[in-house]
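Give me coordinates for this.
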Amino acid sequence: MKKRFVVLTAALAVTLACASCSAGNAGWNPEAVSNTPLPHTDDAYARYLAQYSSAPQGLGEIFIDTQNQQQGEWRFSVPNAGLYHLEITYRAVEGRVNDIETFLLIDGEAPYKNAEMFVLPRLWADETQTVNGRFPLDAAGNETRPRQAELFEAQTSFVTDSLGKYSGPLSFYLSEGSHTVSLAPRLERAEFISLCFRRSESPVPYSEYYQPSRSDSSGQMLVLEAELAGLKSSNTLFPTYDKSRASISPSHPALTRYNTIGRDTWNKPGQTLTYYAEVPQDGYYHLAFKVKQNMKRGMYSTRAVYVDGEIPFAELGGVRFPNQPAWYVTGAADDAGAPYKIFLTKGRHAISIEAVLGAEEEPLREADSLVAEMNEWYRKIIVITGSNADSSRVTLDLNRDFLLDLKIPGLIDAFAAISARLDKCAADINALYGEGSGGNAGTVMAELAQQLRVFVDDPDKIPARLENYYGGISSMATWVLEMRSQPLEMDWFALYSPDVSAPEAGGNFFSQLLYRTQMFFSSFSGGYNALGVTADKAQKPLEVWVSLSDISSGSTASGRDQANVIKRLIDGMFTPATGIKVNLSLISGSNVLMQAIVAGRGPDAAMVVSRDVPVNLAMRGALVPLDNFEGFESAADNFMPGALTPYQYEGGTYALPETQSFDMLFYR
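The predicted structure follows:
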């Protein structure tokens, strides 16, 4: 007799006061800036800084008690005119997982585009860890990825560039006298505890930081597992795993261990991981990282290292991690490879590691500005010429003389200036990465520069080569986006005494051979794809299978990671509510499900299977229709009627959809 079972799919979803402080006088005349030449750029902040390039630095602190308001306008007095940074102490308000986006006005207007809206990060931590400091295990012994829990604690942050073009705090010019500052929520909310206009001190270079009179620590080696971060600036900074090598700490040939963090989830500038280290003695320490950076070919990923909220010296603001295909250990060191010394006192310290653009910031900013300017001139050109229908079909009348150099004032002079800037930008990239490196930036910029020089010499060639020009702009824009990404995967980092040998990546040929051999034999284990089993003999658990290939095809996350989310939902919600225990297992694909049913060894239910499977099995009498089950009508009401059609056969409904696709209209 054929075993009948149910095919199920589930939707996965699981800012009044006034204050001032005394300081000295500043003798600067704002009218003197009216004739200051401004840079030729679309960058509002660059123009703002150029406008106030002769302004003094702000003196003292201007503190404003915002009394835990979520929005408002506050008046304050400035005793000394100058350029200030704005520091905000805030507490996130419970909401969704997005960063907190807030509008900023000073004296009723945004000082410049980069500052009209700023972003404040939320604070996250792993929700659960066991007594040994690691993650909970499922019934099969695999570590389970912890949920990311938000911490509603007060934190302090400077207003930075939300467009990602500038690192560090933004500057604001405040004249002497009375001013107002306004904050209003754009996306998500925060309670604003206080504001403070002050200057953030830049870290000194290492040559000034290092003091030979301070002693080195001795005999110490502190290794901190990267996956066990204490605080995170984003809920996407969850632990990841790598089972490829025995030297990954920790590792297991058969069971899952969440032993790394980062990869392509720790790639946006500003994303920060914070760790807490108990330092056993005063002294200088070296810093080393075990990492893998195999996604940004021929280029660096960059990180800034903070100790107790401050970058100790300038060089730690841009630690580079070169591209290599395998895991490697690298230290915070100078160009000659000599490791830097970081002075730490005995006790607990917070070590924060932040993704930053580093030395790439300036050339990327220039490249971004060039793309915007070239696009602007392209739009002016096609207003006159029109545009081609597509890349392969030319619809411009090339026999016509468009006289673009006469009809578009400034076009030729702009092309001449842009070509020179392209040459310099390419040279800066080559100086940073070496000739021929830096992706395809050098080639694209060189081709665009040469093309613009041809246009300058013969404007009549512009229409015929317009699509090539636009293609070059698109390629350059794509390169800018890719370069902003700073991917890095980290296994651990270490603080160690100068008299201790530097840590190594670990592993050798024989240990890896043994590990791979163990992985091979463990693959024959019956529970290899089981995400959790139940050994309750009093009640037979529900056997549920999840198709690995089908669940992976719809997301960038791995199928096992998503299936672990399903398992957590089952254990945390379904089983407590119903009392029904569930064994959840992974299968390679829907074809395995079909074969198991033919053999009479199918599960009780299946999830995330190919769309054709339910009716295919229903025609063979291998499924139980869902229509007669209690709760079916209320479950079906969650979907559009047409979404159930692919799963219906001869009046019966044999599955529920996991997702729905529908058209949407966007307009501006």
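
Only C-alpha atoms from now on, for both contacts and neighbour counts.
Will do.

which residues does Gln271 contact?
Lys232, Ser233, Ser234, Glu354, Ala355 (C-alpha atoms under 8 Å, 6 or more residues apart in numbering).

try His349
Counted by C-alpha under 8 Å, 6+ apart, His349 has contacts Tyr276, Ala277, Glu278, Val279, Val307, Asp308.

Tell me both backbone torsions, phi and psi, for the nearest residue to the last one once chain neighbours are set aside.
Counting by C-alpha to C-alpha, 6 or more residues apart in numbering, Ala350 is the residue found nearest to Asp308 once chain neighbours are left out, at 4.8 Å. For Ala350, the backbone dihedrals are phi -100, psi 120 (criterion: degrees, to the nearest 10).

How about the one 5 residues further on?
Phi and psi for Ala355, reported as degrees, to the nearest 10, are phi -70, psi 130.

Could you double-check that it lies in contact with Trp266?
Yes: when contacts are counted by C-alpha atoms under 8 Å, Ala355 is listed as touching Trp266 (7.3 Å).

Return every residue with contacts to both of the two.
With C-alpha under 8 Å, 6+ apart, Ala355 and Trp266 have common neighbours Gln486.

Just give the number of residues close to the residue lying closest to Asn114 once chain neighbours are set aside.
Spatial nearest neighbour of Asn114, excluding adjacent residues (C-alpha to C-alpha, 6+ apart): Asp161 at 5.7 Å. Neighbour count of Asp161, defined by other C-alpha atoms under 10 Å: 20.

and which of the contacts of Gln271 is nearest Leu316?
Closest approach to Leu316 among the contacts of Gln271 (C-alpha to C-alpha): Glu354, at 10.6 Å.

looking at this, that closest one is in a strand?
Yes: using DSSP: H, G, I helix; E, B strand; the rest coil, the secondary structure at Glu354 is a strand.

For it, give me the pLDDT.
Glu354 carries a pLDDT value of 96.

Contact partners for it?
Pro269, Gly270, Gln271, Thr272, Leu273, Arg303, Ala304, Val305.

Now it: closest residue in space, sequence neighbours ignored.
With C-alpha to C-alpha, 6+ apart, the residue lying closest to Glu354 is Thr272, at 4.2 Å.

gap between the one you found and Leu481?
The spacing between Thr272 and Leu481, counted by C-alpha to C-alpha, to the nearest Å, is 20 Å.

Beta-bridge partners for Ser352, please?
For Ser352, the beta-bridge partners are Thr274, Tyr306 (DSSP bridges).

looking at it, it is touching Leu273, isn't it?
Yes: if you go by C-alpha under 8 Å, Ser352 and Leu273 touch, sitting 5.5 Å apart.

Which pLDDT does the model give Met295?
So Met295 comes in at 87 (pLDDT).

The closest residue to it other than its chain neighbours: how many residues sit nearby?
Using C-alpha to C-alpha, 6+ apart and skipping residues adjacent in sequence, the residue nearest Met295 is Pro487, 6.8 Å away. Neighbours of Pro487 under the rule other C-alpha under 10 Å: 24.

how near is Pro487 to Thr443?
For Pro487 relative to Thr443 (C-alpha to C-alpha), the value is 24 Å.

Among the contacts of Glu354, which ones are in strands?
If you go by DSSP state E, these have Thr272, Leu273, Arg303, Ala304, Val305 in strands.

Quick one: low-confidence residue ranges for the stretch 451-600 of the chain.
Applying pLDDT under 70 to the stretch 451-600 of the chain flags residues 525-538, 550-559.

can you map out the helices along it?
466-484, 509-522, 548-553, 559-569, 575-578, 590-598 (DSSP state H, counting those that start in this stretch).

These: which one's closest to Ala635?
That would be helix 575-578 among the helices of the stretch 451-600 of the chain, by C-alpha to C-alpha, at 16.2 Å.

middle-most residue in this structure, spatially?
Closest residue to the average C-alpha location of the chain: Lys268 at 3.5 Å, with C-alpha atoms, centre = their mean.

Please name the residues that touch that residue.
Counted by C-alpha under 8 Å, 6+ apart, Lys268 has contacts Ala355, Val356, Arg484, Ser485, Gln486, Pro487.

what does Tyr340 give?
Tyr206, His286, Leu287, Ala332, Ala333, Asp334.

What segments of the chain are helices?
Applying DSSP state H to the chain gives helices spanning 44-51, 206-209, 361-385, 404-407, 411-433, 441-457, 466-484, 509-522, 548-553, 559-569, 575-578, 590-598, 613-618, 632-636.

so where's the protein shaky on pLDDT?
Ranges of the chain meeting pLDDT under 70: 1-42, 129-131, 388-397, 435-440, 525-538, 550-559.

re the thing from before, these two touch, right, the residue nearest to Asp308 and Leu273?
No: Ala350 lies out of contact with Leu273 (C-alpha under 8 Å); the separation is 10.1 Å.

and the two? which has more neighbours close in?
Leu273 (26 against 17).

Quick check: chain neighbours aside, which residue is closest to the more buried one?
In space, Leu273 is closest to Lys232, 4.8 Å off (C-alpha to C-alpha, 6+ apart).

and the gap between that neighbour and Val119?
Lys232 is 15 Å from Val119, by C-alpha to C-alpha.

more crowded one of the two?
Higher neighbour count among Lys232 and Val119: Lys232, with 26 against 21, using other C-alpha under 10 Å.

check contacts around the more buried one.
By C-alpha under 8 Å, 6+ apart, the neighbours of Lys232 are Leu123, Trp124, Ala125, Gln271, Thr272, Leu273, Thr274.

where does Gly506 fall, phi/psi-wise?
phi 90, psi 170.

Does it touch Arg245 like I think?
No: counting by C-alpha under 8 Å, Gly506 does not reach Arg245; the two are 9.8 Å apart.

which of the two has more neighbours?
Arg245 (19 against 15).

Show me where the stretch 1-150 of the chain has its strands.
For the stretch 1-150 of the chain, strands defined by DSSP state E, counting those that start in this stretch occupy the ranges 6-7, 62-69, 72-78, 82-92, 100-106, 117-120, 124-126, 148-150.

For my notes, please list the ones you listed in JSON lines and give distance to Gly631 for each entry.
Output for the strands of the stretch 1-150 of the chain, formatted as JSON lines (distance: least, C-alpha to C-alpha, whole Å):
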{"stretch": "strand 6-7", "distance to Gly631": "14"}
{"stretch": "strand 62-69", "distance to Gly631": "45"}
{"stretch": "strand 72-78", "distance to Gly631": "49"}
{"stretch": "strand 82-92", "distance to Gly631": "39"}
{"stretch": "strand 100-106", "distance to Gly631": "39"}
{"stretch": "strand 117-120", "distance to Gly631": "43"}
{"stretch": "strand 124-126", "distance to Gly631": "35"}
{"stretch": "strand 148-150", "distance to Gly631": "32"}
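
Thank you kindly, that will do.
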